[in-house]
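Undergrad: return a 3D structure for these sequence lines:
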Amino acid sequence: MAVELKVLQNSDDALLVWNVPEKIPDCVGFAVRRELEHDGKTRAGWIDNFVGFAGEKHEPGERRPSTEWPFQGFTWTDHELEAGDSARYRVVPVLRGSDGKLKRADNLRSEWAEGRKRSSRFRPYFNRGFVMSQFMAHYLERTGLSLSEFKETISDEDDRTIRRFLAGDLRREMLELLAERRRSGGQVYAALYELSDPELIDALVAFGPRAHVVLANGSIKKKDGETSATARKRDQNGTGRDRLLAGGCDVEADNRFISPGALGHNKFLVFADAAGKAKSAWTGSTNWTPTGLCTQLNNGLLVRDADIAAAYLEQWQRLRAAGSEFPATLVESNSQAKEPRSGATLWFSKTSKQVDLAALREIVEGAETGLIFLMFMPGGKGVLADVLARQKEEPDLFIRGVASELPDPHDESTVDATLVGPAGAEEHRLDVIEPEGRPNSIAWWAAEATHNDFVGRVGYAIVHSKVLVVDPFSPKNCTVVTGSHNFSLSASKENDENFLVVRGDQALAEAYTVNVFSAWRHYRARIAQGNPWPGLRATDSWMAGSLRARREQSTFWGF
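TA: Below you'll find the model as predicted:
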């Protein structure tokens, strides 16, 4: 009857999932013990809970060890890890004795468990791009900035602390990769949709002529009475392009200007040696803007595989040769899957006959235990429709996901989100900024609060990631899809896009599972009716319903 525990880990989070075979009498929750190795030093202790027992007096923001305030559930996410940390965990039932006191049932505790070691070929990185609510409301009130003005100034010196916090490991890794390749004398090839972040621009400029960039003109809207050809001459990336040109980088003054009508939506890099031979690649959802780094949920994927990198480099060369057109040869090439390595498939668009969407549909239909996802503006005829169709056919299949839309341009305080879970698809309009909160300085808060504090209590996120994970606990069928592709019809028919399909890499699948599941829970808590943390129950009455839900999900989690 001992607790069975699984730990999933990515670069800075660990997701704990546990199970018991039957209800434990008098169990009021579970305590979590952690041994954490950080910078060569190991410290051990009980994880804190921020939620106390209902009716018990405690201070706002108070936290106590989970031996005193146990977790009433079967999952918990440790957001306090940093890249390079090593941690292992143990879960112990907490019982309430006949005298009313709490005691640990050490005879039922789990074995120590830790996350799977990271993949050597594929390394994912994530930011903390939650647009804050209470803290942000006070910050904007104090500074007199609108939300859009804050996004425009997130890179200013005054905001460096909050910038580093929000951008997390994603920013750090992007900058470190660029600096490392520059120092080694290597070259970088970039295909970018947007370029306005000063730090990232500086990192490219530092390469000089060894930086080769295909830079699109962003997202251009036609003015009244204007032709597409005229509108297409405008360049939203003009400032960034001028900086690259002034720095001697290899970028053309008017290539790849395909908007309006299409988007040059890629955000991939190829790192090559001095001779131009591809060594590694970077893909994912992150636009090279302060917003992409700091105020949207995004991911980046480092691909340490020369063959896959070479496939990206060949696409870069095709884009450079295409100029501001979609020649038939480009579309024909895009319409063929690239399979540079066993277990990895690479797709580019635009394609003919939506063959890329057909490949994604096949992945969705091949899910055996479940699938989870993050999507941005997927539309009604793309992969989200395939997911919902699968859910309707098989209601017991484990499906969790978030799809978000851009805020209304006239109302920056809201974001539309579709949550997919046990109840199907639910559409919500969520407030980005709430009216009340603690009047702390944002820089102080960002420096002092833990990631757990941040995710647990603070505002909403605009999900910009494009991630699909299938059967993460299946050695043979686990699949991860990520890139710039929005899983939408327009991405297939109109835009420059890419997505990478990786099969059979459980470490990668579990790393993305942590990220997706955390985002889903973040939204789920904020749309729940009433207080999502009303207080712990004093008896074991909480357990039956939670255990029933865990059993319904046991196949997905591998129990």
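
Undergrad: residue 82: what's it in contact with?
TA: By CB atoms under 8 Å, 6 or more residues apart in numbering, the contact list for residue 82 reads 12, 38, 169. Backbone N, C-alpha and C define where each C-beta goes, glycine included.

Undergrad: oh sorry, the question was meant for residue 187
TA: 181, 207, 210, 211, 212, 271, 272, 273, 274, 276.

Undergrad: one more time with 10 Å, if that's ok
TA: Residue 187 makes contacts with 181, 207, 209-212, 250, 270-279, as judged by CB atoms under 10 Å, 6 or more residues apart in numbering.

Undergrad: quick check: phi and psi on it?
TA: Note on residue 187: its backbone torsions stand at phi -120, psi 160 [degrees, to the nearest 10].

Undergrad: follow-up on the earlier one: just the closest of the contacts of residue 82 to residue 519, please.
TA: Minimum distance to residue 519 across those is 14.2 Å, recorded for residue 12 (CB to CB).

Undergrad: so how far is residue 514 from the closest one?
TA: In this view, residue 12 and residue 514 are 9 Å apart by CB to CB, to the nearest Å.

Undergrad: now the common contact residues for those two.
TA: 78, 79, 126.

Undergrad: same list, those, but as JSON lines with neighbour count, pLDDT and distance to residue 476 please.
TA: Below are the shared contacts of residue 12 and residue 514 laid out as JSON lines (neighbours: other CB atoms under 10 Å; pLDDT from 0 to 100; distance: CB to CB, whole Å):
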{"residue": "78", "neighbour count": "24", "pLDDT": "91", "distance to residue 476": "29"}
{"residue": "79", "neighbour count": "18", "pLDDT": "84", "distance to residue 476": "31"}
{"residue": "126", "neighbour count": "26", "pLDDT": "94", "distance to residue 476": "26"}
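
Undergrad: so which of these sit within strands?
TA: Judged by DSSP state E, the shared contacts of residue 12 and residue 514 include 78, 126 as members of strands.

Undergrad: low pLDDT regions in this protein?
TA: 1, 130-143, 145-161, 407-414, 431-461, 528-533 (pLDDT under 70).

Undergrad: verify the stated contact: residue 397 with residue 388.
TA: No: counting by CB atoms under 10 Å, residue 397 stays clear of residue 388, with 11.5 Å between them.

Undergrad: I'd say residue 119 and residue 344 touch.
TA: No: under the criterion of CB under 10 Å, residue 119 makes no contact with residue 344, lying 11.5 Å away.

Undergrad: returning to that earlier point: need the buried ones from the contacts of residue 82 selected in PyMOL.
TA: In PyMOL syntax, the buried subset of the contacts of residue 82 is picked out as below (16 or more other CB atoms under 10 Å):
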select buried, resi 12+169
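
Undergrad: so which of the contacts of residue 82 sit within strands?
TA: residue 38.

Undergrad: let me have the contacts of residue 82 in JSON lines, adding distance to residue 58 as columns.
TA: Formatted as JSON lines, the contacts of residue 82 follow (distance: CB to CB, whole Å):
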{"residue": "12", "distance to residue 58": "29"}
{"residue": "38", "distance to residue 58": "29"}
{"residue": "169", "distance to residue 58": "33"}
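
Undergrad: looking at the record's assignment, how would you partition this structure?
TA: 4-115, 122-187+274-282+293-306+319-436+443-523 (automatic domain parsing).

Undergrad: what's the neighbour count on residue 488?
TA: 24 (other CB atoms under 10 Å).

Undergrad: mind checking how far it is from residue 385?
TA: Taken as CB to CB, the span from residue 488 to residue 385 is 10 Å.

Undergrad: what residues are shared contacts of the two?
TA: Contacts common to residue 488 and residue 385, judged by CB under 10 Å, 6+ apart, are 357, 378, 379.

Undergrad: can you list the residues you listed in a markdown table and add secondary structure, neighbour count and distance to residue 536?
TA: Shown next, in a markdown table, are the shared contacts of residue 488 and residue 385 (DSSP: H, G, I helix; E, B strand; the rest coil; neighbours: other CB atoms under 10 Å; distance: CB to CB, whole Å):
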| residue | secondary structure | neighbour count | distance to residue 536 |
| --- | --- | --- | --- |
| 357 | helix | 24 | 46 |
| 378 | coil | 26 | 37 |
| 379 | coil | 17 | 42 |
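
Undergrad: which one of those residues is nearest residue 402?
TA: residue 378 (10.7 Å).

Undergrad: which residues touch the residue lying closest to the closest one once chain neighbours are set aside?
TA: Counting by CB to CB, 6 or more residues apart in numbering, residue 384 is the residue found nearest to residue 378 once chain neighbours are left out, at 4.2 Å. Residues near residue 384 by CB under 10 Å, 6+ apart: 364, 373, 375, 377-378, 401, 403, 418, 420, 425, 486-488.

Undergrad: tell me if residue 391 really is in a helix.
TA: Yes: under DSSP: H, G, I helix; E, B strand; the rest coil, residue 391 falls within a helix.

Undergrad: that one is in contact with residue 397, isn't it?
TA: Yes: under the criterion of CB under 10 Å, residue 391 makes contact with residue 397 at 6.5 Å.

Undergrad: burial check on residue 219, number of neighbours?
TA: 14.

Undergrad: from what I can see it touches residue 263, true?
TA: Yes: counting by CB under 10 Å, residue 219 touches residue 263, with 6.0 Å between them.

Undergrad: now for the two: what residues contact both?
TA: What both residue 219 and residue 263 touch, as defined by CB under 10 Å, 6+ apart, is the set 193, 194.

Undergrad: which element is residue 480 on?
TA: strand 479-483 (DSSP states H and E).

Undergrad: follow-up on the earlier one: among the domains of the chain, which is the most enclosed?
TA: domain 122-187+274-282+293-306+319-436+443-523 (a mean of 19; mean count of other CB atoms under 10 Å).

Undergrad: where do the helices sit along the stretch 101-250 of the chain?
TA: Under the criterion DSSP state H, counting those that start in this stretch, the stretch 101-250 of the chain contains helices at 134-143, 147-152, 160-183, 198-205, 228-231, 238-246.

Undergrad: residue 371 looks like it's in a strand, true?
TA: Yes: assigned with three-state DSSP, residue 371 falls within a strand.
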